[in-house]
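Undergrad: I would like to see how this sequence folds:
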Amino acid sequence: MNKRSVNIISLVILLSLLCFIAEVCIYYFVPQHYVTVIFSVISSLILSHYFLESSLNYDYNFIHASFMTITTLAFGIIVYVMQPNQWISFDFSIVILVFLSWFVPFIYCSARDLFDMGPRFDGYYFFFHRMGIFFLVIYLLVLIKQYFLTPVVPPYEELSFGAHNVVPFMSTATYIEETARAGKSLLPIGLYILELVCFGIPFGYYATVYLRKLKFLLRLFIVLAFPAIFEGLQYATGLGRCDIDDYVFFLIGTVIGIVLFHIMYAVFVHVANRDFTTDRVKRPAVLHFD
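TA: This next block holds a predicted model:
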């Protein structure tokens with residue numbers, strides 16, 4: 001590593017640290033936490049643009065994204081553990097900040113690579129896969145937490161074993177019908193469903209990226225087996241709840257993730273005529289799916 005690279009890395013870490021400190025200060029002093037979210041998006045876009053234009057390489061955006069994600073995640077964990085606290089409160093905006101710390105540099109660099117016909121910038125292939133591996137590590141930790149440590153549960157009491165355990169949406173539909181008839185809010189069940197669906201989206205996206213060379217039936221088996229393993233472990237350990245609805249909602253999210261990958265793939269093929277997940281210098285050809 002030469003002296004210039006060390007200096008750029010130091011600058012990336014310094015600017016990212018200043019951005020993180022500013023986010024924490026805004027979150028602490030401004031009660032409207034959406035302001036922190038807006039600041040995070042704008043500052044991340046500016047830094048991503050600056051790092052890419054000054055280095056002509058995506059590596060430094062990976063350093064920026066990973067540094068911001070880790071520090072924001074650490075901040076969120078500390079605030080969460082401190083609750084209840086009269087000085088600083090934990091809410092869902094911190095989860096959004098952690099996600100945006102990864103997502104904004106990823107989507108910005110993807111857009112720049114899409115329209116970089118030169119190529120002017122170097123290393124998107126490595127950036128994409130490094131970002132993917134980094135995300136999947138955190139994603140797996142989140143799944144473990146949400147399935148076994150602080151399990152996601154519906155807003156209704158767990159029912160005794162019966163048809164609702166094997167018939168999709170039976171218990172959920174029953175709760176929605178009873179809640180709507182009573183004139184109560186459906187927001188809790190909506191958030192519960194949304195959270196389970198969101199769990200499946202990253203799996204669907206990255207399963208398509210890393211398993212697409214496998215035979216279709218094998219890919220299908222893995223997609224169906226992954227959420228089943230988590231549900232089975234919940235049943236075996238007694239942590240969380242094993243329910244057919246949770247499984248189906250995760251699969252719905254998986255399908256959405258698969259569709260998002262194919263949309264991104266189609267855009268790259270249409271605009272740049274190449275596969276964005278492969279090195280365009282060594283493997284520029286477009287792949288075909290079964």
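Undergrad: M131 versus G123, what's the distance?
TA: The gap separating G123 from M131 is 12 Å, by Cβ to Cβ, to the nearest Å. C-beta coordinates here come from the backbone N, C-alpha and C atoms, glycine included.
Undergrad: quick one, what contacts the closest residue to P119 other than its chain neighbours?
TA: Closest residue in space to P119, ignoring its immediate chain neighbours: R280 at 6.9 Å, by Cβ to Cβ, 6 or more residues apart in numbering. By Cβ atoms under 8 Å, 6 or more residues apart in numbering, the residues touching R280 are 119, 124-125, 274.
Undergrad: just the buried members of these?
TA: Using 16 or more other Cβ atoms under 10 Å as the burial test, the contacts of R280 include 124-125, 274 as buried.
Undergrad: quick one: buried residues of the strand or helix carrying F126?
TA: Using DSSP states H and E, F126 sits in helix 124-144. Neighbour-count burial for helix 124-144, with 16+ other Cβ under 10 Å as criterion, is recorded at 124-125, 127-132, 134-135, 138, 143.
Undergrad: which residues in the stretch 101-250 of the chain form strands?
TA: For the stretch 101-250 of the chain, strands defined by DSSP state E, counting those that start in this stretch do not occur.
Undergrad: Low-confidence ranges, it, go.
TA: Within the stretch 101-250 of the chain, the ranges that satisfy pLDDT under 70 run 158-166.
Undergrad: coming back round to it: now flag whichever of the buried residues of helix 124-144 is closest to Q86.
TA: I138 (29.8 Å; Cβ to Cβ).
Undergrad: I'd like the buried residues of helix 124-144 laid out as JSON lines, including distance to N57.
TA: Listed next are those as JSON lines, based on distance: Cβ to Cβ, whole Å:
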{"residue": "Y124", "distance to N57": "9"}
{"residue": "Y125", "distance to N57": "12"}
{"residue": "F127", "distance to N57": "9"}
{"residue": "F128", "distance to N57": "14"}
{"residue": "H129", "distance to N57": "15"}
{"residue": "R130", "distance to N57": "12"}
{"residue": "M131", "distance to N57": "14"}
{"residue": "G132", "distance to N57": "18"}
{"residue": "F134", "distance to N57": "17"}
{"residue": "F135", "distance to N57": "20"}
{"residue": "I138", "distance to N57": "24"}
{"residue": "L143", "distance to N57": "32"}
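Undergrad: Contact partners for V104?
TA: 40-41, 44-45, 48, 65 are the contacts of V104 under Cβ under 8 Å, 6+ apart.
Undergrad: Could you do F134 as well?
TA: By Cβ under 8 Å, 6+ apart, the neighbours of F134 are 62, 65-66, 69, 102.
Undergrad: How much space separates it from I70?
TA: Distance, F134 to I70, using Cβ to Cβ: 9 Å.
Undergrad: residue contacts, F90?
TA: By Cβ under 8 Å, 6+ apart, the contact list for F90 reads 76, 79-80, 82-83.
Undergrad: among the residues you listed, who's most crowded?
TA: Ranked by the number of neighbours (other Cβ atoms under 10 Å), the contacts of F90 place V79 first, at 18 neighbours.
Undergrad: Who are the contact partners of that residue?
TA: Counting by Cβ under 8 Å, 6+ apart, V79 has contacts 85, 88-90, 94.
Undergrad: circling back: mind listing which of the contacts of F134 are in helices?
TA: Residues from those lying in helices, with DSSP state H as the criterion: 62, 65-66, 69, 102.
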